[in-house]
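Trainee: Make a model of this:
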Amino acid sequence: MEDNPPEDKMSELHGGSGEQNESGLGQDGVSPDLEPTPMTGLGLTAPKSGKPRSFDEGGTVRRNAAAHLNQIGAEIQLTAAVSGVVPDDTFTVTQAVNSIGFGRFQIFLSLVVGLCWMADSMEMMILSILPMALHCEWGIDKYRQALLTTIVFVGMMISSAFWGKLSDRFGRKQALIISGIFLFFYGFISSFSPSYQWILCLRFMVGFNIGCVPQSVTLYAEFLPNKQRGKCVVLLDCFWALGACLEVLLAMFVMPLLGWRWLLALSALPSLGFLLTCSWLPESPRYMAAGGQGEKALETLTRVANQNGKSMLLGRLIVDDVSYFSRGRLGDLLSKELRKTTLLLWIIWCTASFAYYGVVLMSTELLDSPGKLCSIDGQLEATCSAECIPMKMADYNYLLWATLAEFPGIMVSLLLIERIGRKYTMAIEFLAFTVVLCLLFNCTADRNVVTVILFFARALGSGIFQTAYVYTPEVYPTVLRAVGVGSCSGVARAGAMLTPYIAQVLLPRSFHGGIAVYAATTLVATLCCFFLPIETRGREMQDHQHK
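Mentor: Below you'll find the model as predicted:
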């Protein structure tokens, strides 16, 4: 066979008029019978009979084919992002956070968020000291003492869902700054209250702004890698425990010398410290990504990587937030997919708060009782409601020992939370709390025995709260995470509102009855933990949820 002339070879290479191969395609792989007419919705070319294409027309076919392939590739990437399958050259916020890991940034974030928790803890611990001080100064009875405690929880209950919705719509950082400003303001001016009515109103406003504090956990958890998230959120409770112990020590020295007004003023300082560090506090990249602010989320992640001394992932950030839920809508928590989880969590949080603050208030009532704490048959001795019995140094010491129980509670949760999971840890802690509290049915006159019982009850109650704060942000998607945590916190305050009337009113009149109420409710909560449908141990935080 004769060799083809050079010009014919060139013609074959360019597909102008050369022969077709066995598959019917030219040498460039493009059929000479293709016309660059796109098929419906697919961007493909349709065959059409006719004379062969010229060199220029063949080039147009190739260019159109390449453009259509790029378009199809982009559609595939978008579909992959929605379905959770991420292409090699892209990454999600979760992948970036896990790649950056735990480092200097998270340590400093722990300190900033910890100040917020210390402020909350100190304002709460005041509730076990302030009512008795006002009883001595203003002569308020048991019911008004209980109301002074309840009004703080009313403010927290009303505001928790409000702050959660605000955080989901406008950002976690903005909500925390606004609430921090007012928390310091109302906490400080409470010390100038001229009457019971004034301090009642001002403490309500303190409670209203404390309702935003749980959103600091939402912000904190969204910066943590999967492996460290559970332990770090539990360890964050060290700041709560530190604040509670600091409040007792502060009261121990301030109350005898300066009185309750100075105690209120000094207790507002941690919230001021939090405000001074808020300029450094970043917004959550998950929140920004879910809101379509991919560039800002990438800037924040790059900042975190730089502070941790790690390299940022290469590629494009995929905004993996497609969801049929509306951002921050409270009603979506009761949707078909989340209804069972939400209702069970509301019961668990309400009971946890009812039991924990019950032990806190019960500690003051039992340890401050004159003479015997309780007789052999468990009946608490009655005292005159008008009698003023200021707390002595020994009472503060016992209260401090009960407060130090927060730290063993942290250790228990750390040991269990990554071994048996979140919901089973809560179940075991609720059950153990019930058993320990029942030991008070046979309490003796020995104050040391009562102190030990209260110590273990306080430790377990603290552990329940820590585990709930780990589980709740993990179980909700980003668009509902803040309002989910906020609603649980709000329901918890309903339990805290009721507990003063059990610990401060019912308990002195019917000791066995008061203890029975706490034991029964915690037993119900134990069962609720077992029925939770989702275990979040080892589970990535969900940025979206689909029908």
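Trainee: Would you mind listing where the stretch 101-250 of the chain has pLDDT under the threshold?
Mentor: Scanning the stretch 101-250 of the chain for pLDDT under 70 picks out no residues.
Trainee: Apply 80 and report the result again.
Mentor: 128, 141-142, 146, 161, 165, 168, 226, 228, 230 (pLDDT under 80).
Trainee: In it, mark out all the helices, start to finish.
Mentor: Using DSSP state H, counting those that start in this stretch, the helices of the stretch 101-250 of the chain run over residues 104-125, 130-138, 142-170, 172-189, 196-210, 214-221, 226-235, 237-257.
Trainee: Out of those, the one nearest Gly331 is which?
Mentor: Taking Cβ to Cβ, helix 142-170 is the member of those nearest to Gly331, at 11.0 Å. Bear in mind the C-beta positions are built from the backbone N, C-alpha and C, glycine included.
Trainee: quick one: stretch 298-311 to chain centroid distance?
Mentor: Relative to its chain's centre, stretch 298-311 lies at 22 Å (Cα atoms, centre = their mean, to the nearest Å).
Trainee: sorry, back to before: please name whichever of the helices of the stretch 101-250 of the chain is nearest to Gly315.
Mentor: helix 226-235 (20.0 Å).
Trainee: Let me know the angle separating that closest one from helix 214-221.
Mentor: Angle of helix 226-235 versus helix 214-221, following axes from the mean of the first three to the mean of the last three Cα atoms, to 10 degrees, is 150 degrees.
Trainee: Against which helices or strands is helix 226-235 packed?
Mentor: If contacts are counted by 3 or more Cβ pairs under 8 Å, 6 or more residues apart in numbering; DSSP states H and E, helix 226-235 sits against helix 93-100, helix 104-125, helix 214-221, helix 406-417, helix 447-475.
Trainee: most neighbours per residue, which of the ones you listed?
Mentor: Mean neighbours per residue, mean count of other Cβ atoms under 10 Å, is largest over the helices and strands packed on helix 226-235 for helix 214-221, with a mean of 26.
Trainee: ok, which stretches of the stretch 251-400 of the chain are helices?
Mentor: 260-267, 269-277, 285-290, 294-308, 339-367, 393-403.
Trainee: Correct me if wrong: Thr472 contacts Trp346.
Mentor: No. Counting by Cβ atoms under 8 Å, Thr472 stays clear of Trp346, with 10.5 Å between them.
Trainee: about what we covered before: which one of the helices and strands packed on helix 226-235 lies nearest to Leu246?
Mentor: Closest to Leu246 of the helices and strands packed on helix 226-235 is helix 104-125 (Cβ to Cβ; 6.6 Å).
Trainee: From Gly291, how far off is the residue positioned nearest the centre of the chain?
Mentor: The C-alpha lying nearest the average C-alpha coordinate of the chain belongs to Thr218 (Cα atoms, centre = their mean; 3.4 Å). Applying Cβ to Cβ, to the nearest Å, the value for Thr218 to Gly291 is 15 Å.
Trainee: Spatially nearest residue to Leu219, not counting backbone neighbours?
Mentor: Ranked by Cβ to Cβ, 6 or more residues apart in numbering and with sequence neighbours excluded, the top spatial neighbour of Leu219 is Arg172, at 4.1 Å.
Trainee: Could you do Gln504 as well?
Mentor: Gln504 sits nearest to Ala146 (Cβ to Cβ, 6+ apart), 4.8 Å away.
Trainee: which residues touch that neighbour?
Mentor: Residues in contact with Ala146, defined by Cβ atoms under 8 Å, 6 or more residues apart in numbering, are 131, 500-501, 504-505.
Trainee: What helices and strands are in contact with whatever helix or strand Glu429 lives in?
Mentor: Here Glu429 sits within helix 422-438, counting by DSSP states H and E. Contacts defined by 3+ Cβ pairs under 8 Å, 6+ apart place helix 422-438 against helix 339-367, helix 406-417, helix 447-475, helix 511-531.
Trainee: circling back to that earlier point, can you tell me which of the helices of the stretch 251-400 of the chain is most buried?
Mentor: Of all these, helix 285-290 has the most neighbours on average by mean count of other Cβ under 10 Å, namely a mean of 26.
Trainee: re the thing from before, which neighbours do Thr472 and Trp346 share?
Mentor: With Cβ under 8 Å, 6+ apart, Thr472 and Trp346 have common neighbours Cys488.
Trainee: and the closest residue to Cys438 other than its chain neighbours, how many residues sit next to it?
Mentor: Once flanking residues are discounted, Cys438 sits nearest to Ala519: 5.5 Å by Cβ to Cβ, 6+ apart. Residues near Ala519, counting by other Cβ atoms under 10 Å, number 18.
Trainee: Check Gly103 too.
Mentor: The number of residues packed near Gly103 is 15, by other Cβ under 10 Å.
Trainee: Was I right to think the residue nearest to Leu219 contacts Glu283?
Mentor: Yes. The pair Arg172 / Glu283 is scored as a contact, 6.7 Å apart, by Cβ under 8 Å.
Trainee: out of those two, which sits in the more crowded spot?
Mentor: Ranked by neighbour count (other Cβ under 10 Å), Arg172 and Glu283 place Arg172 first, with 28 against 18.
Trainee: Other residues contacting stretch 252-262?
Mentor: 129-130, 133-134, 137, 191-192, 263, 266, 390-391, 393, 396, 400.
Trainee: any idea how far that stretch is from the chain center?
Mentor: For stretch 252-262 - counting by Cα atoms, centre = their mean - the centre lies 35 Å from the chain centre.
Trainee: Please spell out which residues along it are buried.
Mentor: 252, 254-255, 260 (16 or more other Cβ atoms under 10 Å).
Trainee: okay, that stretch in PDB with CA atoms only?
Mentor: Below are the C-alpha coordinates for stretch 252-262, written out as PDB (Å, rounded to 0.1, in the frame of the first residue of the first chain):
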ATOM      1  CA  MET A 252     -16.600  33.600 103.300                       C
ATOM      2  CA  PHE A 253     -14.500  36.700 103.600                       C
ATOM      3  CA  VAL A 254     -16.800  39.500 102.200                       C
ATOM      4  CA  MET A 255     -20.100  38.700 103.900                       C
ATOM      5  CA  PRO A 256     -18.900  39.000 107.500                       C
ATOM      6  CA  LEU A 257     -17.000  42.300 106.800                       C
ATOM      7  CA  LEU A 258     -18.700  44.100 103.900                       C
ATOM      8  CA  GLY A 259     -22.100  42.400 103.500                       C
ATOM      9  CA  TRP A 260     -24.200  41.100 100.600                       C
ATOM     10  CA  ARG A 261     -24.000  44.400  98.500                       C
ATOM     11  CA  TRP A 262     -20.200  44.100  98.000                       C
END
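Trainee: List phi and psi for Thr90.
Mentor: Recorded main-chain torsions at Thr90 are phi -130, psi 170, according to degrees, to the nearest 10.
Trainee: Quick check, it in contact with Leu313.
Mentor: No. Between Thr90 and Leu313 no contact is recorded; they are 9.2 Å apart, counting by Cβ under 8 Å.
Trainee: picking up where we left off before, contacting residues for the residue nearest to Cys438?
Mentor: By Cβ under 8 Å, 6+ apart, the contact list for Ala519 reads 434, 437-438.
Trainee: Please report which of those has the highest neighbour count.
Mentor: Within those, Leu437 tops the neighbour count with 24 neighbours, counted by other Cβ under 10 Å.
Trainee: In contact with that residue: list those residues for me.
Mentor: By Cβ under 8 Å, 6+ apart, the neighbours of Leu437 are 355, 359, 453, 457, 515, 518-519, 522.
Trainee: Go again with 6 Å.
Mentor: Counting by Cβ atoms under 6 Å, 6 or more residues apart in numbering, Leu437 makes contact with 457, 518-519.
Trainee: now swap in Arg537 and tell me
Mentor: So Arg537 contacts 421-422 (Cβ under 6 Å, 6+ apart).
Trainee: Over to Met288?
Mentor: Here Met288 is in contact with 296-297 (criterion: Cβ under 6 Å, 6+ apart).
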